[in-house]
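Engineer: Any chance you could fold what I've pasted below:
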Amino acid sequence: MRATDPATLQPGIRPLFRAAADHVRMHPASGLSVEDRDRVADALEAPWGIRQERRLREVFAPDRVAPGEMTRRITDVVNELGLQPWKPPEPLDPIEEDEVSLVVWMGVMEAET
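Structural biologist: I've put the predicted structure just below:
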């Protein structure tokens, strides 16, 4: 039944990726269209691993770089790593009681020697 609930199919997004996506949405870069900016932010809000996080951490320093330049650097990392927006799997239909046609029970006993 867990696979029938869309809320349980949502990915866990690491805090750095969430912060970078928020930054990209709030600070546009020159030459970056709204569609590209949304694609980059959506790609960041996906369940990426530590390897991608390390690479993003190398460039994400919003207090040391101008906001537009930081968005450009984040976009370059997303393109370099080939990150794509996450597409959730389709939830399964709930199982109805009449769909269950076989229930199996097995017991294990110690063999007599």
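Engineer: Could you name the helices and strands sitting against the longest helix along the chain?
Structural biologist: Counting by DSSP state H, the longest helix found in the chain is helix 67-81. On a contact count with 3 or more Cβ pairs under 8 Å, 6 or more residues apart in numbering; DSSP states H and E, helix 67-81 meets helix 15-26, helix 34-44, helix 50-59. C-beta: built from backbone N, CA, C; applies to glycine.
Engineer: Distance to Pro85 and mean neighbour count for those - can I get that in a markdown table?
Structural biologist: Below are the helices and strands packed on helix 67-81 laid out as a markdown table (distance: least, Cβ to Cβ, whole Å; neighbours: other Cβ atoms under 10 Å):
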| stretch | distance to Pro85 | mean neighbour count |
| --- | --- | --- |
| helix 15-26 | 11 | 17 |
| helix 34-44 | 4 | 18 |
| helix 50-59 | 14 | 14 |
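Engineer: Farthest out from the centre of the chain, which residue is that? Tell me.
Structural biologist: The C-alpha centroid of the chain is most remote from Thr113, which lies 56.0 Å away (Cα atoms, centre = their mean).
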